[in-house]
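Q: here is the input, now give the coordinates:
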Amino acid sequence: MRRRILPVLPLALGLALAQPVGAQVEGPGLAGAYLAARTAVIEGNHRAAAIYFENALAADPGNPMLIGNAIFANAALGQWGRASTIAEMLPEGGDGQDLVNLVRMVQGLAAGDLVGARAAIEAGQGAGQLIDELAMGWIHLGEGDMRRATETFEAAAQGPLADIAYTHLALARAAVGDFEGADAIFSGAEVGPLPGSERSVRARAEVLVQLDRRDAALELLDLYTASVPDPALLALRADIATRDGTPAYDFITTPTEGLAEVFYMIARGLGGEGGSTTLPLLYTRAAHGIDPGHSEALLYAGQLLMDADQYSLAADAFSEVPPGDAQYVEAQLGRADAYFEDGREEAAVTVLRSLAEAHPDLATVQAAFGDALRRTEQCTDAVAAYTAALDLVDITQQRYWFLYYTRGICHEVLQDFAASEADFRQALVLNPEQPQVLNNLGYSLVEQRRNLDEALGMIERAVEARPDSGYIVDSLGWVLYRLGRFDEAVEPMERAVALLPNDPIINDHLGDVYWMVGRHREARFQWERALSFEPEEADAARIRRKLEIGLDRVLEEEGGVGETQ
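A: So this is what the prediction gives:
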């Protein structure tokens, strides 16, 4: 039996990416490197683009287009030192000057040069309007002028960056020890509610601790992690709960860290605009370039690269988060995801195995390890990992239905149908109308030829919830087939094939249904189609046998009507 698992960019900065496609480049030794660089740009492979543009630049050292693209590719990799070196090759006033300004600002801020940053912003040579206004607030704070910093953040809050500006005002207050003022903003008492995020929750929790409101900090963290079990916040909660005395506030304590946070928050704010990852990637790389301790910026860089299908680069970004960092666990989970998407399944399992051994007390890690083992068909070990995860959580919470569901899938693969059914039913206790569970339990009962009326009811509810799921609609047709209601099975089975036309199992099922209603020619056509989609060998052999002698005789050979799939 087989289980089917329901499986606005500023022009000046965008110029570096846009130019290669239409640019004309000539010269001996240049064409090959340039064409390779163009391909890398189109694919979003910044590592290859950096190499090929620099190779082309070696053949044509003064070419502004090549210089601009080499700067961009290195900046997108977080290689700001190399980007800065190349930036010095660009003539003043040439195309790409805004990108050069960004590189110089990042390098200057990384060195703590607030004076130079202020001068650049005042001269119109900063990192862009979105960044510069907020950056000036932190620069004023670095000058010891909290009044001007406050005025700057409040002025920025009058525009489209209100939430970000108020958050930075709260962070600036906390940085100078005004924890009551910081919490007045974080709590919503002063300016109204602000959007929650892992960063703001962590900042407010640390502020509450400084105000001797440890219980409120723990309550805040519990509320957030109940829906988002972030490993770093769980670790912070454990630290707050067990540490004696009041730890020093250390979220953002310097203007440089605040400036890095400006880049990071703007990157997050831009991340969903039009699907573009270009500017968000530059800004989040800038955040880490300015503050090497800003590991969340690395996580976001990895996420953006995943979104751009650059899985190898994403894995590299996640790998930059060092062991011992609060975000290390999250980074390793991201690295494993990147490996899976890159087709490196063994590497992904190795990463998660090491993580699970190092963190046996983290349900998130154990569950991810179980998922990796299930995806690589190591179901015995996956059951153990899922069980370890369930042993660590409050199993009455609805969100843990998925652990029971995935463990149930593994039990079914191992043909432990009693354990599988128990897990599926417990998943339904937690989430009664979950269509995946209804479908899988119903389909399992159909395959075992038990409780067919109950199975039909479950699958009908699943179809009502997910009418466009080919797998679930197929299950409906199949349970009707099992019940001998062949005429009724035709419509849902045809609909399932229309939804998933290239699935060998569903095409095979439709062939069987057609045969049972006397449409033998169409049945043979569907079986031929199923073979063309390369089913597993045992299934292919059975389909070939049906084509040879017909379904009726195959069923007789197998000892009973309905013994299909």
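Q: against residue 462, how distant is the closest residue to residue 476 other than its chain neighbours?
A: In space, and not counting its chain neighbours, residue 476 is closest to residue 492: 4.5 Å by Cβ to Cβ, 6 or more residues apart in numbering. Where C-beta positions appear, they are placed from N, C-alpha and C, glycine not excepted. Applying Cβ to Cβ, to the nearest Å, the value for residue 492 to residue 462 is 12 Å.
Q: one more: residue 179?
A: 51 Å.
Q: more neighbours: which of those two?
A: Neighbour totals were compared for residue 179 and residue 462, and residue 462 leads with 28 against 21 (other Cβ atoms under 10 Å).
Q: can you point out the buried residues in whatever helix or strand the more buried one lives in?
A: Taking DSSP states H and E as the definition, residue 462 sits inside helix 452-465. If you call a residue buried by 16 or more other Cβ atoms under 10 Å, then helix 452-465 has these buried ones: 452, 455-456, 458-463.
Q: run through who's touching that helix.
A: Contact partners of helix 452-465, identified using Cβ atoms under 8 Å, 6 or more residues apart in numbering, comprise 433, 435-436, 438-439, 441-443, 445-446, 469, 472-473, 475-476, 479-480, 482-483, 492.
Q: what's the answer for stretch 244-260, then?
A: Outside of stretch 244-260, the residues within contact range by Cβ under 8 Å, 6+ apart are 109-110, 112, 114, 117, 135, 137-139, 141-142, 168, 171-172, 174-175, 177, 179, 202-203, 206-207, 209-210, 212, 239-240, 261, 286-288, 290-291, 293-294, 297.
Q: one more time with 7 Å
A: With Cβ atoms under 7 Å, 6 or more residues apart in numbering as the test, stretch 244-260 has contacts from 109, 112, 114, 135, 138-139, 141-142, 168, 171-172, 174-175, 202-203, 206, 209-210, 261, 287, 290-291, 294.
Q: of those residues, buried ones?
A: Buried by 16+ other Cβ under 10 Å: 109, 114, 135, 138-139, 141-142, 168, 171-172, 174-175, 202-203, 206, 209-210, 261, 287, 290-291, 294, out of the contacts of stretch 244-260.
Q: residue 107 - nearest residue in space that isn't next to it in sequence?
A: residue 84 (4.9 Å).
Q: may I see the buried residues of the host helix or strand of that neighbour?
A: Assigned by DSSP H and E, residue 84 belongs to helix 80-87. By 16+ other Cβ under 10 Å, the buried positions in helix 80-87 come out as 80, 82-84, 86-87.
Q: quickly check those for the two that are furthest apart.
A: By the measure Cβ to Cβ, 80 and 86 form the most distant pair in the buried residues of helix 80-87, at 10.7 Å.
Q: lowest-pLDDT helix or strand in this protein?
A: Sorting the helices and strands of the chain by mean pLDDT, DSSP states H and E puts helix 11-22 at the bottom, at a mean of 38.
Q: tell me the helix or strand right after that helix.
A: Sequence-wise, the next helix or strand downstream of helix 11-22 (DSSP H and E) is helix 31-43.
Q: residue 205 versus residue 445, what's the distance?
A: Distance from residue 445 to residue 205, by Cβ to Cβ: 47 Å.
Q: just the C-alphas of stretch 462-471, formatted as PDB.
A: Output of stretch 462-471 as PDB, limited to C-alpha atoms (Å, rounded to 0.1, in the frame of the first residue of the first chain):
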ATOM      1  CA  ALA A 462     -11.600  16.500   3.600                       C
ATOM      2  CA  VAL A 463     -12.900  17.100   0.000                       C
ATOM      3  CA  GLU A 464     -15.200  19.800   1.300                       C
ATOM      4  CA  ALA A 465     -12.300  21.600   3.000                       C
ATOM      5  CA  ARG A 466      -9.800  21.000   0.000                       C
ATOM      6  CA  PRO A 467     -11.800  20.700  -3.200                       C
ATOM      7  CA  ASP A 468      -8.800  21.500  -5.300                       C
ATOM      8  CA  SER A 469      -6.500  18.800  -3.800                       C
ATOM      9  CA  GLY A 470      -6.100  16.100  -6.400                       C
ATOM     10  CA  TYR A 471      -4.900  13.600  -3.800                       C
END
